[in-house]
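Q: Let me see the structure of the following:
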Amino acid sequence: MEHWYHYILLIGVGFVVGFVNTVAGGGSLLTLPVLIFLGLPSSVANGTNRVAIVIQTALATAGFKSKGVSTFPFNVYLGISALIGAIIGAYIAVDIRGATFNRILAIIMVIVVLVILFKPKINLVEFQERITGKYLWLGILAFFFFGIYGGFINAGIGFIIILFLHYVNRLSLVQANATKVVVVFIYTLSALSVFVLNDKVNWKVGLILAIGNGLGAWLASRVSVKRGDGFIKYFMIIMVIAMSVKLWFFS
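A: Down below sits the predicted model:
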């Protein structure tokens, strides 16, 4: 980075992305273009972004825990499964900025919106957590594949994780968010190690970005608990639509 204002830009973008990633997801679709704009090769941008994600998810986890929201040890089981997948994903990471991929991802994001809007509500009587037995094993299997994508590029995975936890494991959106940040923290550690071993991390840029990410994540974790599921639902809808438009028309 050649200019002082690049540092301010990184912290500002990091704050927005940390908030967005913690409440919903898709923040990396903003972070990666900014890092590339600042001169990092795409593979290094991908690796550098993981530094900020680790800090972001660590502080978000602490924020949720300070509010008494945790799904331990369920979150750790999913995290370990995703960690294994993330190692695979990170090793096969390539440049996927092509228009075809972006449009496919945009379609996925639209499907996510439709699921959020039209999925039948679960009656409060029926809304019992399903985090043991076959639902635990289903989650472990699913999160292995989520981990592969997370290790590969990570962008947009938060939406899918939240919806899976909400509709399959019957967690509230707040609990799903709290579980998501723990899982992403665990698998990002493994993905980051792969990028580090392959010299694909700019630590100076990553740590500066992490300042913003961490602050945004801490605030978001506390706000989302206070505001509840309704806030998260509508925030997710707004972000999914925004990311879809960006991917389809501005890839």
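Q: Nearest to the middle of this structure, which residue? Look it up for me.
A: In the chain, the centroid-proximal residue (CA atoms, centre = their mean) is Gly158; its distance is 4.0 Å.
Q: ok, it - contacts?
A: Contacts of Gly158 were listed using CB atoms under 8 Å, 6 or more residues apart in numbering, and they are Asn21, Ala24, Gly25, Gly26, Gly27, Lys180, Val184. Just so you know, the C-beta spots here come from the backbone N, C-alpha and C atoms, and that holds for glycine as well.
Q: same thing but at 7 Å, please
A: Gly158 makes contact with Asn21, Ala24, Gly25, Gly26, Lys180, according to CB atoms under 7 Å, 6 or more residues apart in numbering.
Q: measure it to Thr48 for me?
A: 19 Å (CB to CB, to the nearest Å).
Q: again, but for Thr61
A: 21 Å.
Q: same deal with Lys67?
A: Going from Lys67 to Thr48 by CB to CB gives 30 Å.
Q: which of the two has more neighbours?
A: Thr48 (28 against 15; other CB atoms under 10 Å).
Q: right, and the helix or strand after the one helix or strand that one maps to?
A: Using DSSP states H and E, Thr48 maps to helix 42-66. For helix 42-66, the following helix or strand on the C-terminal side (DSSP H and E) is helix 74-91.
Q: How about that next one, which residues are buried there?
A: By neighbour count on 16 or more other CB atoms under 10 Å, the buried set for helix 74-91 is 74-75, 77-90.
Q: what comes into contact with it?
A: Helix 74-91 has contacts (CB under 7 Å, 6+ apart) with 131, 136, 139-140, 143-152, 179, 182-183, 186-187, 190-191, 194-195.
Q: Just the mean pLDDT for it, thanks.
A: Mean pLDDT, computed over helix 74-91, is 95.
Q: can you check stretch 51-59 too?
A: Mean pLDDT, stretch 51-59: 96.
Q: which strands and helices sit next to the helix holding Thr48?
A: Packing contacts for helix 42-66, counted by 3 or more CB pairs under 7 Å, 6 or more residues apart in numbering; DSSP states H and E, involve helix 5-23, helix 28-37, helix 173-197, helix 203-227.
Q: okay, and for the stretch 151-251 of the chain, where does confidence drop off?
A: Applying pLDDT under 70 to the stretch 151-251 of the chain picks out residues 228-231, 236, 239-240, 243-244, 246-247, 250-251.
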